[in-house]
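**Q** build me a model from this:
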Amino acid sequence: PAVGAVASRVGTRPAFAAATVAGVCLIVATLAVPSQRSEESPSLRHAVRALRDLRLGAGLWLTFLAGLAFGTVSVLAPLRLSRLGAGALLIGATFLGAAAVETAAAPVIGRIADRRGRRRPVTVAVAAAIAASALIPLAAPASVLVIVLVAGLPSYGALYVPAFALASDGAQRRRLHQSLAFGLSNFAWAGGQAAGSAGGGALAQAVGDALPFTLLGIAFAVTLAMLSPAGRRVVSRVFADTTHGGRAVTA
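**A** Numbers count the residues shown, from 1 in each chain. Just a heads-up that it's a prediction; the model follows:
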């Protein structure tokens with residue numbers, strides 16, 4: 001949406017060409033990053049076997065869920081804002097504002113996850129995501145929807161930090177190379193993003209915005225149920241992690 005806002009002013013060719021140039025610059029920059037040797041396994045076969053690890057699986061699920069949410073919102077929310085009378089600049093500013101809040105919150109979430117365990121920030125983020133998923137298709141006028149998006153979208157992004165930490169924990173326990181764990185996380189994110197944008201858009205076109213956001217809320221609600229006292233026995237092995245100081249934390 002932010003690139004789209006720029007494109008509305010300067011044209012699609014310059015906007016997307018600039019985004020492409022930025023991507024190429026990042027590719028070139030990676031060539032300067034020195035490679036590091038590791039005793040962990042870099043094989044794809046080992047990565048498939050490592051998916052049995054509950055921590056790694058939980059991290060990938062949370063990453064997929066966040067991608068699913070962002071894919072759904074990035075397609076449907078700009079269209080809803082436009083129907084409510086918002087212009088391209090306001091739509092772009094809304095998503096930039098949400099990104100700024102998410103960026104500021106990420107270090108705080110990371111510190112909480114390290115010091116108090118992964119489950120607490122995940123539980124709070126999932127509960128907030130349920131509320132955001134319920135409010136986005138209902139909020140009106142445009143000014144109210146802008147507030148809901150700026151406040152609610154960071155709840156989706158808040159899942160990334162503990163999700164990546166869980167995936168890293170699982171990879172370390174299975175002696176899987178961290179680069180493969182990060183690759184699996186990216187694969188999970190891309191799958192969620194594609195499913196949310198394509199599936200959410202198709203459902204919204206057929207029956208309206210309410211159904212894709214309802215399904216998204218159900219996915220978050222099921223995840224929250226697994227974090228409740230009744231579901232803790234199932235996930236206790238997932239969220240029993242270790243802080244940087246080496247002290248075990250039972251989440």
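**Q** mind listing residues that contact the one helix or strand residue 15 maps to?
**A** For residue 15, the element it lies in under DSSP states H and E is helix 12-30. Helix 12-30 has contacts (C-beta atoms under 8 Å, 6 or more residues apart in numbering) with 3, 4, 6, 7. For glycine as for every other residue, the C-beta is placed from the backbone atoms N, C-alpha and C.
**Q** and the next helix or strand past that helix?
**A** With elements assigned by DSSP H and E, the helix or strand that comes after helix 12-30 is helix 44-50.
**Q** how about that following helix: buried residues?
**A** 46, 47, 50 (16 or more other C-beta atoms under 10 Å).
**Q** find the residue closest to residue 62 in space, skipping its chain neighbours.
**A** residue 163 (3.7 Å; C-beta to C-beta, 6 or more residues apart in numbering).
**Q** elements contacting the helix or strand harbouring the one you found?
**A** Using DSSP H and E, residue 163 falls within helix 160-173. Judged by 3 or more C-beta pairs under 8 Å, 6 or more residues apart in numbering; DSSP states H and E, helix 160-173 is in contact with helix 54-83, helix 88-116, helix 119-135, helix 178-194, strand 240-242.
**Q** distance from the fourth one to the middle of the chain?
**A** Taking the mean of its C-alpha atoms, helix 178-194 sits 11 Å from the chain's own mean (C-alpha atoms, centre = their mean, to the nearest Å).
**Q** could you point out the helix or strand that follows that helix?
**A** Next helix or strand after helix 178-194 toward the C-terminus (DSSP H and E): helix 200-207.
**Q** mean confidence score for that following helix?
**A** For helix 200-207, mean pLDDT is 93.
**Q** okay, the angle between the helix or strand following that helix and helix 119-135?
**A** Later in the chain than helix 200-207, the nearest helix or strand by DSSP H and E is helix 210-227. Inter-element angle recorded for helix 210-227 and helix 119-135: 160 degrees (by axes from the mean of the first three to the mean of the last three C-alpha atoms, to 10 degrees).
**Q** and helix 210-227, which residues are buried?
**A** 212, 213, 215, 216, 217, 219, 220, 223, 224, 227.
**Q** need those residues in CSV (columns: pLDDT).
**A** Formatted as CSV, the buried residues of helix 210-227 follow (pLDDT from 0 to 100):
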residue, pLDDT
212, 95
213, 96
215, 96
216, 96
217, 95
219, 95
220, 96
223, 91
224, 90
227, 78
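**Q** from these, which is closest to residue 114?
**A** residue 227 (18.5 Å; C-beta to C-beta).
**Q** thinking the closest one is in contact with residue 126, fair?
**A** Yes: if you go by C-beta atoms under 8 Å, residue 227 and residue 126 touch, sitting 6.9 Å apart.
**Q** how far off centre is the helix holding residue 15?
**A** Distance of helix 12-30 from its chain centroid, counting by C-alpha atoms, centre = their mean, is 23 Å.
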